[in-house]
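A.B. asks: following is a predicted model, sequence given first.
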Amino acid sequence: MHKISLAPNKRIYFASDQHFGAPDPASSRAREHRFIAWLHKITPDCGALFLLGDLFDFWFEYDRVIPKGFVRVQGALAQIADQGIPLYFFTGNHDLWVRDYLSEELGFQVFSQPQYFEIGSKKFLIGHGDGLGPGDYGYKRMKKVFTFPLFQTAFKWLHPDLGVRFAQYLSLRNKLISGSDDLVFTGPENEWLVQYAWKKQAQFPVDYYLFGHRHLALDLPIDPKISGIPEARYLNTGDWITHNSYAVFDGTSLELCREKADAAV
């Protein structure tokens, strides 16, 4: 259990699924400007920042090379880190090949699996969300391949120009195949991350579950009969492609919010 002490008048912010780099440089740059404007706005009262995965639409760290671009958002995050604000990063399915660059250059604490946090009197289970819950066995098998060290070593032998271009093509193709059906909320009983939260709540109850990945901004109660915690909730932080959504915790309550779409640096 990770413990965070929140100073008076400070808040903790959570955001996910910015997918910088997709689908093209122009639209990604506009999204990057919106996100950086939000980072500047929250910095004065930010006690910690959680990025819940898929900050980049593709990320792979070679020994001496990282993907081109994203210098503005990296600079903004470096400024936050330089002010002593903790940054927590959960690898997503699009940036699961994060290694040590973000931790060494930007001071991120990087996690590849959901983690329990205690913030004040509240307990959280936080993660990206991919591969959790029932079903989706095809993706779970694919993730095992992608995270297998031998596969990563083999991919690293590709020239960065070829490797990054090929991976970006696969990322975009995956979005075109999946379409928009997966971005529709059809009730908590059909949300596999909610089902994951129900199962975990019966084993080790917490106050809040926070995930990304689904690209749906959701705030759902968890039946208190499962654990006896009357205000337990599941929140999905949505994305910065459609919703510009995020969550904020003030030490007492957790709220799902949206940033204005026309925000700019």
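C.D. replies: Now that the structure is in, tell me what you want to look at.

A.B. asks: CA only for contacts and neighbour counts going forward, please
C.D. replies: Will do.

A.B. asks: where do the helices sit along the stretch 1-150 of the chain?
C.D. replies: Along the stretch 1-150 of the chain, counting by DSSP state H, counting those that start in this stretch, helices occupy 25-42, 71-82, 101-106, 137-146, 149-156.

A.B. asks: and of those, who's closest to residue 205?
C.D. replies: For residue 205, the closest of those is helix 137-146, at 25.3 Å, according to C-alpha to C-alpha.

A.B. asks: so for that closest one, mean pLDDT?
C.D. replies: The predicted model assigns helix 137-146 a mean pLDDT of 61.

A.B. asks: cool, stretch 11-23 as well?
C.D. replies: Mean predicted lDDT for stretch 11-23 stands at 93.

A.B. asks: what of stretch 209-229?
C.D. replies: Mean predicted lDDT for stretch 209-229 stands at 91.

A.B. asks: list the buried residues of it.
C.D. replies: For stretch 209-229, the neighbour count (16 or more other C-alpha atoms under 10 Å) marks 209-219, 222, 226-227 as buried.

A.B. asks: narrow the residues you listed to those in helices?
C.D. replies: Counting by DSSP state H, the part of the buried residues of stretch 209-229 found in helices is 226, 227.

A.B. asks: closest one of the buried residues of stretch 209-229 to residue 65?
C.D. replies: Out of the buried residues of stretch 209-229, the member with the shortest distance to residue 65 (by C-alpha to C-alpha) is residue 213, at 26.4 Å.

A.B. asks: that closest one contacts residue 16, correct?
C.D. replies: Yes - assessed by C-alpha atoms under 8 Å, residue 213 is found in contact with residue 16 at 7.5 Å.

A.B. asks: can you list residues touching both of these two?
C.D. replies: Contact criterion C-alpha atoms under 8 Å, 6 or more residues apart in numbering; residues shared by residue 213 and residue 16: 53, 54, 128, 238.

A.B. asks: got the CA positions of stretch 84-103 in PDB?
C.D. replies: The C-alpha trace of stretch 84-103 is given here as PDB (Å, rounded to 0.1, in the frame of the first residue of the first chain):
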ATOM      1  CA  GLY A  84       8.700  18.800  -6.200                       C
ATOM      2  CA  ILE A  85       5.200  17.500  -7.300                       C
ATOM      3  CA  PRO A  86       5.100  13.700  -7.400                       C
ATOM      4  CA  LEU A  87       4.300  12.200 -10.800                       C
ATOM      5  CA  TYR A  88       2.800   8.700 -11.000                       C
ATOM      6  CA  PHE A  89       2.600   6.900 -14.300                       C
ATOM      7  CA  PHE A  90       0.800   3.700 -15.200                       C
ATOM      8  CA  THR A  91       1.800   2.100 -18.400                       C
ATOM      9  CA  GLY A  92      -1.100   1.600 -20.900                       C
ATOM     10  CA  ASN A  93      -1.500  -0.800 -23.700                       C
ATOM     11  CA  HIS A  94      -0.100   1.800 -26.100                       C
ATOM     12  CA  ASP A  95       2.900   2.800 -24.000                       C
ATOM     13  CA  LEU A  96       3.600  -0.400 -22.200                       C
ATOM     14  CA  TRP A  97       7.200  -0.400 -23.400                       C
ATOM     15  CA  VAL A  98       8.200   2.500 -21.100                       C
ATOM     16  CA  ARG A  99      11.500   1.700 -19.500                       C
ATOM     17  CA  ASP A 100      13.600   4.200 -17.500                       C
ATOM     18  CA  TYR A 101      13.500   7.400 -19.600                       C
ATOM     19  CA  LEU A 102      10.500   8.900 -17.900                       C
ATOM     20  CA  SER A 103      11.700   8.100 -14.500                       C
END
